[in-house]
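>>> Here's a sequence, model it:
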Amino acid sequence: MSSAAVLEPGVFRRYASDQLLPLAKLVIENAFQPIVEVATGSVFGYESLLRGHDRLGFASPLELIDQAHDGGQLLALEQMVAHRALAKFAGLPDFSSQTLFLNLDVRMIRDGQLFLEKIVQHLRQAGVAPSSVCFELSERFDNTSVPEFAELMSEMRKAGFKLAIDDFGVGHGEMKLLCDYPVDYLKIDRHFISDIDVNPRKRHLVKNIVNIAHVLGIRVIAEGIETEAEFLACREYGVDLVQGYFIARPTSFVTELQPAYPHLAAIGLSRRSSQSLDEILIRKQIEKLPTVYENESIDSVFELFRRNPRQAFFPVLNANGEPRGVINEYHLKEFIYQPFGRDLLKNKVYERTIAHFVERAPIIGLDAEAEELMSLFANMENSACVILTENMRYAGVVSAASLIKVVNEKQLKIAQDQNPLTGLPGNRAIRDFMYQAGRDDDEQRFFCYCDFDHFKPFNDHYGFQMGDHAISLFAALMKRYFFSDEHFLGHVGGDDFFIGIRDWSRDELEEILERLLSDFHDDAVALYSEEERAAGRIRGHDRTGVERDFPLLRCSIGVVHLPQGLILDDIARIGTEIATVKVAAKESDRGLVFASYGDAAE
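Now for the predicted structure:
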């Protein structure tokens, strides 16, 4: 152990003003905290965090940085920390496909050119592409108020670096950054993520922040996730990337870093257990346009437009394959049709690269719903397309015309899924409703499974036409009692039905279901002969072929209650609960049983 490591923190602090940098070199370490893709659980990158400040007598990294600034050593300290982080990052086996997030203090902006030159030089030595580095703009101060800020951001973009707004929601000048600068990531502050699963106002804010960011072609990172419920809520509201103690704690040991985190898979990591109808239809309409890279020459774009004369734009990617936006032909026409215009673009003094002509476009994951994509188009004026990503990398584009096809085909598929006898949606729609309602924890939900008792002997005795009549009667009664747009009615098949209810009280639903059962019993009894009604039974064969007496037809309903705040997206788990409560309902005298999810039937 070095002598510096055994000195009291107070001794370090006492001499920090003139010896801070030499002491920091002895004890400061870089810890990496994984930033994980919500859709796959794979590590997308790491945020580099400063550790060892306590051994210098500072309560937090910010105190150390403030002391370095006051002593005129901030640039040297930040260069040291950044260079060490890059060296550690370059030692990872898969660094070329990942991103290193580095914090950039606003007080360094005046020395930004020198800092940037040193970073670029170190990147060349380490063999790391600038697109593998993202600078987080600290919001402790208003970045945009520094005169040199705009020029530094332009230089960073031209060099190929990525930019993120850190601690979004609690800082300075955030909306100006979103409006005026080509930001790649937006990191939502922990304040808005903490207890988001039980706080409706936070959920509303996060939903809208995510929507605004996606319209602007910005990906969203949720910081400080500490619970499974927070993770599920962020995934539900469209967050792209997550970090926090629930995912993995920061570590200074690279051997502890993993390419993915298995504990996330145990809670159903993918957004859907299988491809949704929307994703299947969207995949059919994806256009895999040729792309250009922002660090390529202008000549490559001219050649691409020459080979594709009917194409008005092409997606632009960074070196890691992530979309930056699109380049439109009309941006280049003013140069193409001017004397010496093309020569001017290639002139090193004029310095016009592909990055100068990138126009933002909405960017969203391939597993989004068709209606969400249409909403992005509606909110982004003059957008040529929506860029789709898979595992955060470019997957293709869809145009407005393609999305109209998707929506029309989706409506057709839904219509085809409807039961021809009752006109009610079938199993696909029922699964989609259960999946969506299970993840929407803003209100309590009830899943009601309705199943006829003793239907087989009735259908055998009176024929399938009378059986269909009984099924139609029940469907008509369902529509009479559940007519709001908030209610979902489905026909599982045969004599099985599904009712989905949101935001009713248990008492309200129980009263309506009892009326439904009573009315159906009266209608069903009227279908029997006078003798069988009087006897209260019918002679028939059971499923094993044994002849015996059966009670008259009735319906039983098992209800599973999902309380407010509970998020579920595993349809199999919900289905198991429904099967259990359905059996209990059939065995009960009144044919109606309620069960809260995870509890015994009531």
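>>> biggest helix in this protein, by residue count?
Longest helix in the chain, counting residues (DSSP state H): helix 506-525.
>>> Rounded mean pLDDT for that one, please.
Throughout helix 506-525, pLDDT has a mean value of 94.
>>> Please apply the same query to stretch 226-243.
91.
>>> can you check stretch 195-203 too?
89.
>>> give the contact list for the residue most central in space within the chain.
Centroid check for the chain by Cα atoms, centre = their mean gives G238 as the closest residue, at 3.0 Å. Contacts here follow Cβ atoms under 8 Å, 6 or more residues apart in numbering; on that basis G238 touches K207, V210, N211, H214, V220, I364, A368, E372. C-beta: built from backbone N, CA, C; applies to glycine.
>>> sec struct for the last one, please.
When the structure is reduced to helix, strand and coil (DSSP: H, G, I helix; E, B strand; the rest coil), E372 reads as helix.
>>> That one: how many residues sit nearby?
The number of residues packed near E372 is 15, by other Cβ atoms under 10 Å.
>>> Likewise for the third one?
Burial of N211 is recorded as 18 neighbouring residues (other Cβ under 10 Å).
>>> do you know how far it is from A378?
11 Å (Cβ to Cβ, to the nearest Å).
>>> that older thread, does the residue nearest to the centre of the chain count as helix, strand or coil?
Under three-state DSSP, G238 comes out as coil.
>>> Next, give phi and psi for it.
phi 90, psi 10 (degrees, to the nearest 10).
>>> Use 44 as the first number for this chain going forward.
Got it, the first residue is 44 from now on, which makes the last one we talked about G281.
>>> related to what we said a few turns ago, helix or strand right after the longest helix of the chain?
Downstream of helix 549-568, the next assigned helix or strand under DSSP states H and E is helix 573-578.
>>> Give the buried residues for that following helix.
For helix 573-578, the neighbour count (16 or more other Cβ atoms under 10 Å) marks E575 as buried.
>>> what do you get for stretch 294-311?
Here stretch 294-311 shows T294, L300, Y304, L307, G311 as buried, counting by 16+ other Cβ under 10 Å.
>>> What residues of stretch 69-80 count as buried?
V70, I71, N73, A74, F75, Q76, P77, I78, V79, E80.
>>> quick one: I341 and T396 touch, right?
Yes: contact status for I341 versus T396: in contact at 6.9 Å, counting by Cβ atoms under 8 Å.
>>> so what's in contact with these two at the same time?
In contact with both I341 and T396: no residue, using Cβ under 8 Å, 6+ apart.
>>> Highest neighbour count among the contacts of G281?
Highest count within the contacts of G281 by other Cβ under 10 Å belongs to H257, 26 neighbours.
>>> Chain neighbours aside, what residue packs nearest to that one?
I407 (5.1 Å; Cβ to Cβ, 6 or more residues apart in numbering).
>>> tell me the mean pLDDT over the helix or strand containing the one you found?
According to DSSP H and E, I407 maps onto strand 406-408. For strand 406-408, mean pLDDT rounds to 90.
>>> Stretch 461-479 too?
Computed over stretch 461-479, the average pLDDT equals 88.
>>> before we move on, the earlier item: make JSON lines out of the contacts of G281 and add distance to E590.
Shown next, in JSON lines, are the contacts of G281 (distance: Cβ to Cβ, whole Å):
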{"residue": "K250", "distance to E590": "60"}
{"residue": "V253", "distance to E590": "62"}
{"residue": "N254", "distance to E590": "63"}
{"residue": "H257", "distance to E590": "64"}
{"residue": "V263", "distance to E590": "65"}
{"residue": "I407", "distance to E590": "61"}
{"residue": "A411", "distance to E590": "56"}
{"residue": "E415", "distance to E590": "57"}
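>>> sorry, back to before: dump the buried residues of stretch 69-80 to CSV, plus secondary structure.
Converted to CSV, these look like this (three-state DSSP):
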residue, secondary structure
V70, helix
I71, coil
N73, strand
A74, strand
F75, strand
Q76, strand
P77, strand
I78, strand
V79, strand
E80, strand
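>>> What is the nearest of the residues you listed to G267?
Nearest to G267 among the buried residues of stretch 69-80 is Q76, at 10.3 Å by Cβ to Cβ.
>>> Give me the nearest residue to the closest one, chain neighbours excluded.
Q76 sits nearest to P293 (Cβ to Cβ, 6+ apart), 4.0 Å away.
>>> List the residues that contact that neighbour.
With Cβ under 8 Å, 6+ apart, P293 has these contacts: A74, F75, Q76, E90, L92, R94.
>>> wait, doesn't the first one sit right on L92?
Just to be clear, that refers to A74. Yes: the criterion here is Cβ under 8 Å, and A74 meets it with L92 at 4.7 Å.
>>> Work out for me the element M199 sits within.
Here M199 is assigned to helix 192-202, by DSSP H and E.
>>> so what secondary structure elements neighbour that helix?
Judged by 3 or more Cβ pairs under 8 Å, 6 or more residues apart in numbering; DSSP states H and E, helix 192-202 is in contact with helix 155-169, strand 205-211.
>>> and it, what's its mean pLDDT?
87.
>>> Contact partners for the residue nearest to K131 when sequence neighbours are not counted?
Setting aside the residues directly before and after it, K131 is nearest to N73 in space (Cβ to Cβ, 6+ apart), at 5.7 Å. By Cβ under 8 Å, 6+ apart, the contact list for N73 reads S91, L92, L93, R94, V124, R127, A128, K131, S295.
>>> Select only the buried ones of those residues in ChimeraX?
To isolate the buried ones among those in ChimeraX, judged by 16+ other Cβ under 10 Å, type:
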select :91,92,93,94,124,127,128,131
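>>> Closest one of the contacts of N73 to D485?
L92 (34.2 Å).
>>> next one: stretch 409-429 to chain centre, how far?
15 Å (Cα atoms, centre = their mean, to the nearest Å).
>>> Residues touching it, excluding its own?
Counting by Cβ under 8 Å, 6+ apart, residues outside stretch 409-429 touching it are 82, 254, 257-259, 281, 314-315, 319, 321-322, 324-326, 329, 355-356, 369, 371, 404-407, 431-433, 438, 440-443, 446, 449-450, 453.
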